[in-house]
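A.B. asks: The following comprises the amino acid sequence and a computationally predicted model.
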Amino acid sequence: MSAGTVGPKGDDRRRPNVVCFISDDTAFSMLGYSGGAVLTPNIDALARGGVQCTRYHTSTPVCTPSRYSNLTGHYAGRCPADNFRDGFPDGEPYCITWNTDLMPDREQCIGQALQRAGYVTGHVGKWHTGPSERALGVDFFQPDDDPCDPAIDAKLKEHQRALVEQVRSNGFDYAASICWGDVDGRTIKKLHSHNLDWTAWGALDFLDRHGRSDRPFFLYVAPTTIHGPSHVLSLVSDPHMTGAGRLEEHVGLMPPRLSVIERIELADNVPLNHRTAGALWMDDLVGTVVARLGELGLEDDTIVIFSTDHGAFDGKATCYQGGVHIPFAMRWPGRIPAGSTCDALIQHIDFLPTMLAACGAPLPDGMAADGKDMLPWLTGEKVEDEDREDLFFEFGYVRAVATRKWKYIAVRYPPRLVEDMKSGKVDEACSYTGRSWQSATMQRYPHYFEPDQLYDLDSDPEEQNNLAYEPGHAGVLAEMKERLLGYLETFERPFDLDTVDEFLLSDRFRQMGRKAAAADMNRFDWYRKGWY
């Protein structure tokens, strides 16, 4: 037990430690406890030992802005970073993509808030929430570089030091095994493999250093799974090779890699593929870290959370439920009864204020949050009908709002992009990011390109039947627009719900949309091999 960690203002309850796992691109179907045909016994045990949230959501359905919101408690559209604020012409809405950098000189995150409250803070794994490697001055690799070359190895270690310092500047006392983004985004091709052993080493090293101190701790563990590239191929890659060069200390800390494949092959009704291998390997990581908590006598004093940044193949990069409705489970012995469920509307922006409340930490002066403390709902002290009424979502040139029953999605391209499509400069309908970019979700959701979309989530949870243009739902549409307007009015940039260019309702634009949606996705390696 962390000694001396009494709560604030005379509260004699000890402040809990926190270990939070945030995975990448993980759908409900990739977890056993939520019905997936996978092996995730450790995550399942965590979920069943505490509370499972049935209506937890991200606010933005891609990596960088979702992680930004989770760490800051802010909607991504409030990001103060120059590359975001100055990236678009005045008078246009922001296009929210992978551009919401976390800048410690402009904005605080959960690291600084918990540091000030006396916590030791740590971050391990994927970051993808700050300045690019080019901006850091460490993008000095070539695709064919050999990580075993001593000169390249030295550069990799220098690169890792720069990433560690970037993370630490955001209020984390400890940072290790940092991956700037997706592993298949690394310049060096030979490093296009996941290495969860290295992630486990960083987490265990943090626990061994700080688990027995007089201060409580907060550890944020962000594995690169279940995003591509292939987990099956990663499992047979050289475990010594990491983003920090060739290392030894992490090898052997987790169950043998090949046992992941063996366990899946021995299981009934679990095929061996990218998703099942990634799920079980990630589960081994969770089990390894939780086991160390037990060895240190900390399991009963530690909140353990498992969630993800956003949805996966069935909605990533959209505001449909497949992109924004995500798993969240939290175990807190003595505070949350095992086997609990929470049906409250909760979002990534709530993570920071909820964790501060759990840790007895005030919101620091000058720090604001869009989210709210949802701890009373997670612990069962409040019931679902007392929670918030709706949720706000944002991505690209799309904004959306949802209640428990209704979802309204507004697609509003800026006039310059509409003119590009009108003039033929662009011969396919633009994606939500404004690019001529194909996505499997264009095929999955038949109304993807329609400016106004209204869905009944009770009768149409897959969002296949757009009711926005049916006269019988005009009243609901008006109400949902009003709800969305209430959020939009709090942002600096305009987002015009009332004006829709007639071209976007024309047969020609519909044809452009069908052309974009009909693209052969199999030409993309990541799609053909199921790494999505």
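C.D. replies: Perfect, thanks for sending it. Numbering: from 1, shown residues only.
A.B. asks: can you give me the end-to-end distance of stretch 56-69?
C.D. replies: 14 Å (Cα to Cα, to the nearest Å).
A.B. asks: That stretch - what's its average pLDDT?
C.D. replies: Stretch 56-69 carries an average pLDDT of 97.
A.B. asks: Tell me the buried residues in it?
C.D. replies: The neighbour-count check on stretch 56-69 (16 or more other Cβ atoms under 10 Å) flags 56-69 as buried. Bear in mind the C-beta positions are built from the backbone N, C-alpha and C, glycine included.
A.B. asks: mind listing what's buried in the helix or strand where Leu417 lies?
C.D. replies: In the assignment (DSSP states H and E), Leu417 maps to helix 415-423. Within helix 415-423, the residues scored as buried using 16+ other Cβ under 10 Å are 417-418, 420-422.
A.B. asks: just stretch 407-416 next, same as before
C.D. replies: For stretch 407-416, using 16+ other Cβ under 10 Å, the buried residues are 407-414.
A.B. asks: any idea how far Asp420 is from Cys53?
C.D. replies: In this view, Asp420 and Cys53 are 41 Å apart by Cβ to Cβ, to the nearest Å.
A.B. asks: Next: Arg67.
C.D. replies: Relative to Cys53, and taking Cβ to Cβ, Arg67 is found at 18 Å.
A.B. asks: and the helix or strand of the chain with the lowest mean pLDDT, how far out from the chain's middle?
C.D. replies: The weakest-scoring helix or strand in the chain, judged by mean pLDDT, DSSP states H and E, is helix 525-528 (a mean of 79). Between the centre of helix 525-528 and the centre of its chain there are 21 Å (Cα atoms, centre = their mean, to the nearest Å).
A.B. asks: what residues does that helix touch?
C.D. replies: With contact meaning Cβ atoms under 8 Å, 6 or more residues apart in numbering, helix 525-528 is reached by 184, 228-229, 440, 521-522, 531-532.
A.B. asks: Recalculate using a threshold of 7 Å.
C.D. replies: Contact with helix 525-528 is made by 228, 440, 521-522, 532, as judged by Cβ atoms under 7 Å, 6 or more residues apart in numbering.
A.B. asks: got it, and stretch 89-104?
C.D. replies: For stretch 89-104, contacts defined as Cβ under 7 Å, 6+ apart pick out 60, 62-65, 68, 71-72, 76-77, 79-81, 83-84, 87-88, 109, 129-131, 169-170, 394-397, 412, 414, 433-434, 493-495.
A.B. asks: Just the mean pLDDT for it, thanks.
C.D. replies: The pLDDT scores in stretch 89-104 average 93.
A.B. asks: again with stretch 387-405
C.D. replies: 96.
A.B. asks: list the buried ones in it?
C.D. replies: 387, 390-403.
A.B. asks: I'd like the distance from that stretch to the chain centre, please.
C.D. replies: The chain centroid and the centroid of stretch 387-405 are separated by 17 Å under Cα atoms, centre = their mean.
A.B. asks: my read is Thr441 is in a helix, agree?
C.D. replies: Yes - according to DSSP: H, G, I helix; E, B strand; the rest coil, Thr441 belongs to a helix.
A.B. asks: separation between Ala518 and Gly315?
C.D. replies: According to Cβ to Cβ, Ala518 stands 19 Å off from Gly315.
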